[in-house]
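J.: Would you be able to build a 3D model of this:
(chains A and B)
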Protein chains: 2
Amino acid sequence: MTSTEIPSGFHKAIRWYPPAYDIRVDEVPVPRIQHPDDVIVKVKLAALCGSDLHIYRGHGGINSVHVCGHEFIGEVVALGESYGSDAQGRPALYSSLKVGDKVVSPFTVNCGECHVCRLGYTGRCLDGGLFGSPALDGGQAQYVRVPKAGGTLFNLSNPSTWSSALPEETKKNALLNIADSSLLMLADILPTGVFAALQAINHPKVAPVITGKPWPHCFSKDDVLGNEVSFTESDRILTVAVIGLGPVGVCATVSMLDVLATRKIPFQLVAIDPVESRREKMKAVYNTIDVEGKGTGDFAVLAIDEAKAKIGEWTAGVGATAVLEVVGNTSAINLAYEVVRAFGVIVSVGVHGEPPLPMSGRQLYNKNISLDFGRCPSRAMFPPAFDLLVKRQDVFGGIGEPASLVDRIVDFSQAADIYRAFEKNQIGKVIFDPWK
Amino acid sequence: MTSTEIPSGFHKAIRWYPPAYDIRVDEVPVPRIQHPDDVIVKVKLAALCGSDLHIYRGHGGINSVHVCGHEFIGEVVALGESYGSDAQGRPALYSSLKVGDKVVSPFTVNCGECHVCRLGYTGRCLDGGLFGSPALDGGQAQYVRVPKAGGTLFNLSNPSTWSSALPEETKKNALLNIADSSLLMLADILPTGVFAALQAINHPKVAPVITGKPWPHCFSKDDVLGNEVSFTESDRILTVAVIGLGPVGVCATVSMLDVLATRKIPFQLVAIDPVESRREKMKAVYNTIDVEGKGTGDFAVLAIDEAKAKIGEWTAGVGATAVLEVVGNTSAINLAYEVVRAFGVIVSVGVHGEPPLPMSGRQLYNKNISLDFGRCPSRAMFPPAFDLLVKRQDVFGGIGEPASLVDRIVDFSQAADIYRAFEKNQIGKVIFDPWK
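T.: Residues are numbered from 1 along each chain as shown, chains lettered A, B, ... in the order given. Next up, the predicted model:
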């Protein structure tokens, strides 16, 4: 069911030019439906992300002009022919998505119906791709074409199309009350933070602390212990470190706190960053969380050396059980290795580069390390990310305030300057309004 | 409660001399109780292990003469003063271990009562150590001192001191019927194989296939699906690869098959080794497993190229969900990376060396890989390893037969020749009888 809502002619888009550091706002043809599974979205707001900088700097291995941006929220203005009441067996949105629906997109396209997507690993869909690359024009534009939109999009106008732990009423009210600039955080940073936290809390190496049963009994139903000595109360305290407090690191920390508070797990959590302004932001965000949401435990925001000392003090030198690495470089992984305990887990959601891991195979063996790497399956993470956004509306709301994750909303004309300042760390996360 | 059973004077021990390839059988003082937690074990049988070869070759970073060997079974002949009826709150063996008890030891010492041991991570006990190193004389001797024996030893004369899924009667009968040469497999190779399999089956990235619920719903109790498309039957087939079919790899494969059969998980499992004799051994072992124990699925034993093709065929090119790496070198990890799927897990129990992982951070990110490294927590693995040994008595029994994991039992006088031949891969796993 197509629509006549797509304007003909041209629209404004932020585009990157090779080789590097070259951002321009161009008039380009409005995207059209190319495939029956496509949808055209009129973009209300689009965000700039730290990972946009890889391509910006010319490090993305990319040589072609393309529309930037992989975080956008908007309104459906045109549907391909696949959309209609008889789209049986396909993701629900093929039957239910309507022109006018408000949608937010994950940063990658996923079909939602291949083997990989069915397992929930939407970030590696066999037909997937990253918005804001030569293969797929991005969302820092007035309109964007979303391939496989039935699997990809998150329909904020139709809460029945996703699972939530929240009551129906709460969902609906949230959708009325939460600003688009906050809902936009569902595209990338919030799901990625939730992904980091969920990988950590569900990791087998965390299970003994949480269950109070030693490895490997923590996986079985039987309670019979033989030679083993019972846990002490302090054995049940989960020690976690988060390395990197950019926007994703803040989301990961907030998500981790939420999981620990919800499950009533006693904890010791340290959020680490060498940059003071980032630590201040983290503290401001933490202060917006209510007492119940803060859970039962010790929380600290520290620079590197102080954090190492704190973890040593908390664990009598044994180390953190889980370390979330939210930076994507060698020194962050080195720090993670240093502070994690033997039989601990490092969860890395940072976009790593060419260097290999800095540890030898023997070092990995000697510490019985587990590691999780990779891109967040953003679409699959939307439901728990949405729930977290609803619970922490105060945290993720606001523009330009001490606890805000978004620095400012600007119009396209400032794009080149904004990219430049963002790349130099002079400003925080920025949202573009393509219609300002 | 000490004993007068320790002979005075000297005993025979196999010792390594620096710099390399120098094995001698020496008369050395019989070990004495040095600490109240010690126990002296009269060794009935001691095995040679592939990981003994690191030190043998001079690669262990070791320069002192020491008694070799980390796999032994024997009889308690002397107890330190800690052992007695009033050892409250300590591992049960401090109260119950008796002179005359038959015991098998894990390859590392563990106290069983520090924070790390309480969590079940006995392989990294804060007071731990590896048998067969300058710090701790090993078990290829007539007698051996076991520090922290109350936490370390596995008491085959007292089944009530460990948990089992088997009925009491079955446990007792097994202990009467299983040969010591088979029980000796509990020291290292069988627990390590079980450890590999359990890490894989309990990994979060395996959960969707097993639960039939997409990530991250597979961790929660809720069944409500929104946009997601239901699993097909073939989505529920777990594809696993085992790389390396030395004795530990065979144990890992047998353990994996047992888990899959017991939990009725449909599977596709390929066991991989470039060496034909090892593949033949794996097939012979597989053929001793009864129909029920073979589970429901496809099992193949293949060389590398054929295995890659098979995995590609089985998964339409997506890759294996879990890969067990049981070698401990770079090419094995490379192969694991190649055949694992995006959002898969590589479980490595091999003793890795100095080189870093061969993959770049970007490659790890791009495939959303999870990795588990490290030494098996052998004492913690004994209960499930024992259960598996009981179920597969036919598999792990026998000496020198096609399906046997043990090539021969020899006396100490052959030690130097045996090490030499084992190092050159001319013979399989060997057991020493110190009293022959």
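J.: For the rest of this, base every contact and every neighbour count on C-alpha atoms.
T.: Fine.
J.: Doesn't residue A:300 belong to a strand?
T.: Yes. Counting by DSSP: H, G, I helix; E, B strand; the rest coil, residue A:300 falls inside a strand.
J.: Can you pull the residues of the stretch 51-200 of chain A lying near chain B?
T.: A:89-93, A:112-113, A:115, A:118-121, A:124, A:151, A:160-163, A:199 (Cα under 8 Å from any Cα of the partner chain).
J.: Quick one: find the helix or strand in chain A with the lowest mean pLDDT.
T.: Sorting the helices and strands of chain A by mean pLDDT, DSSP states H and E puts helix A:393-396 at the bottom, at a mean of 76.
J.: Just the strands from the stretch 301-436 of chain A, written as ranges.
T.: Using DSSP state E, counting those that start in this stretch, the strands of the stretch 301-436 of chain A run over A:320-325, A:340-348, A:370-373, A:406-411, A:429-433.
J.: Do you know the pLDDT at residue A:170?
T.: Residue A:170 is assigned a predicted lDDT (pLDDT) of 88.
J.: Equivalent analysis for residue A:93, please.
T.: At residue A:93, pLDDT is 94.
J.: ok now do the nearest residue to it once chain neighbours are set aside, which residues does it touch?
T.: Spatial nearest neighbour of residue A:93, excluding adjacent residues (Cα to Cα, 6 or more residues apart in numbering or on different chains): residue A:150 at 4.7 Å. Counting by Cα atoms under 8 Å, 6 or more residues apart in numbering or on different chains, residue A:150 touches A:37, A:91-94, A:97, A:111-112.
J.: can you confirm residue A:150 is in a helix?
T.: Yes. Counting by three-state DSSP, residue A:150 is found in a helix.
J.: Tabulate the contacts of residue A:150 (a markdown table), appending distance to residue A:284.
T.: Shown next, in a markdown table, are the contacts of residue A:150 (distance: Cα to Cα, whole Å):
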| residue | distance to residue A:284 |
| --- | --- |
| A:37 | 43 |
| A:91 | 40 |
| A:92 | 39 |
| A:93 | 38 |
| A:94 | 41 |
| A:97 | 38 |
| A:111 | 38 |
| A:112 | 37 |
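J.: Where does the stretch 201-350 of chain A get nearest to chain B, which residue?
T.: Going by Cα to the nearest Cα, chain B is nearest to residue A:226 of the stretch 201-350 of chain A, at 3.9 Å.
J.: pretty sure that residue is touching residue B:154, no?
T.: No. Using Cα atoms under 8 Å as the test, residue A:226 is too far from residue B:154 to be in contact (10.6 Å).
J.: For these two, work out which one has more neighbours and name it.
T.: residue B:154 (28 against 16; other Cα atoms under 10 Å in any protein chain shown).
J.: Relative to chain A, how far out is that one?
T.: Residue B:154 sits 9 Å away from chain A, going by Cα to the nearest Cα, to the nearest Å.
J.: Would you mind measuring from that residue to residue A:264?
T.: Plainly put, residue B:154 is 36 Å away from residue A:264 if you go by Cα to Cα, to the nearest Å.
J.: do the same with residue A:240
T.: From residue A:240 over to residue A:264 (counting by Cα to Cα), the distance is 15 Å.
J.: Compare the two and say which is more crowded by neighbours.
T.: When residue A:240 and residue A:264 are compared for neighbours, residue A:240 comes out ahead with 28 against 14, by other Cα under 10 Å.
J.: Just after the helix or strand hosting that one, pick out the following helix or strand.
T.: Taking DSSP states H and E as the criterion, residue A:240 maps to strand A:238-243. Downstream of strand A:238-243, the next assigned helix or strand under DSSP H and E is helix A:247-262.
J.: thinking again about what came up before, neighbour-wise, which of the contacts of residue A:150 leads?
T.: Of the contacts of residue A:150, with other Cα under 10 Å as the count, residue A:112 tops at 31 neighbours.
J.: doesn't residue A:152 make contact with that one?
T.: Yes. Proximity of residue A:112 to residue A:152 meets the contact threshold set by Cα under 8 Å, at 6.8 Å.
J.: got a list of what the closest residue in space to residue A:206 that isn't next to it in sequence touches?
T.: Ranked by Cα to Cα, 6+ apart and with sequence neighbours excluded, the top spatial neighbour of residue A:206 is residue A:321, at 6.6 Å. Contacts for residue A:321 were tallied using Cα under 8 Å, 6+ apart; they are A:205-206, A:238-240, A:340-341, A:343-345.
J.: hmm, try it at 7 Å
T.: A:206, A:238-240, A:340-341, A:344-345 (Cα atoms under 7 Å, 6 or more residues apart in numbering or on different chains).
J.: Can you give me the buried ones in stretch A:400-412?
T.: Using 16 or more other Cα atoms under 10 Å in any protein chain shown as the test for burial, stretch A:400-412 gives A:402-410, A:412.
J.: Point out where chain A drops to low pLDDT.
T.: For chain A, applying pLDDT under 70 flags the ranges A:1-5, A:221-225.
J.: can you do 50?
T.: A:1-2 (pLDDT under 50).
J.: Skipping adjacent residues, who's closest to the most centrally placed residue in it in space?
T.: In chain A, the residue lying closest to the centroid (Cα atoms, centre = their mean) is residue A:192, at 2.1 Å. Leaving aside its sequence neighbours, residue A:192 sits nearest to residue A:376 (Cα to Cα, 6+ apart; 5.2 Å).
J.: Just the C-alphas of the helix or strand hosting residue A:72, formatted as PDB.
T.: Secondary structure assignment for residue A:72, by DSSP H and E: strand A:71-79. The C-alpha coordinates for strand A:71-79 follow below in PDB (Å, rounded to 0.1, in the frame of the first residue of the first chain):
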ATOM      1  CA  GLU A  71      19.900   7.000  14.700                       C
ATOM      2  CA  PHE A  72      16.500   8.500  13.600                       C
ATOM      3  CA  ILE A  73      12.900   8.800  14.700                       C
ATOM      4  CA  GLY A  74      10.000   9.800  12.400                       C
ATOM      5  CA  GLU A  75       6.700   9.100  10.800                       C
ATOM      6  CA  VAL A  76       5.900   6.500   8.200                       C
ATOM      7  CA  VAL A  77       4.900   8.300   4.900                       C
ATOM      8  CA  ALA A  78       4.900   5.500   2.400                       C
ATOM      9  CA  LEU A  79       4.700   1.700   2.500                       C
END
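J.: Quick check: residue A:169 vs residue A:185, distance?
T.: Distance, residue A:169 to residue A:185, using Cα to Cα: 22 Å.
J.: So the two - more neighbours on which side?
T.: Shown here are residue A:169 and residue A:185; by other Cα under 10 Å, residue A:185 has more neighbours (27 against 9).
J.: List the residues that contact the more buried one.
T.: By Cα under 7 Å, 6+ apart, residue A:185 has no neighbours at all.
J.: ditto for residue A:274
T.: Counting by Cα under 7 Å, 6+ apart, the residues that residue A:274 touches are A:303-304.
J.: any idea whether it is helix, strand or coil?
T.: For residue A:274, the assignment made with three-state DSSP gives coil.
J.: surely residue A:210 meets residue A:235?
T.: No. Applying Cα atoms under 7 Å, one finds residue A:210 not in contact with residue A:235, separated by 9.4 Å.
J.: Need the residues touching each of these two.
T.: With the criterion set as Cα under 7 Å, 6+ apart, the contacts of residue A:210 and residue A:235 do not overlap.
J.: neighbours around residue A:291, how many?
T.: What residue A:291 shows, counting by other Cα under 10 Å, is a neighbour count of 10.
J.: what do you get for residue A:61?
T.: 9.
J.: List the contacts of it.
T.: Contacts of residue A:61 by Cα under 7 Å, 6+ apart: none found.
J.: now do the one 5 residues further on
T.: Taking Cα under 7 Å, 6+ apart as the criterion, residue A:66 is in contact with A:15-16, A:132-134, A:137.
J.: How about residue A:343?
T.: So residue A:343 contacts A:205, A:367-369, B:121 (Cα under 7 Å, 6+ apart).
J.: ok, of those, which one's closest to residue B:253?
T.: Nearest to residue B:253 among the contacts of residue A:343, counting by Cα to Cα, is residue A:368 at 20.9 Å.
J.: That closest one - nearest residue in space that isn't next to it in sequence?
T.: Per Cα to Cα, 6+ apart, closest to residue A:368 is residue B:374, 3.9 Å.
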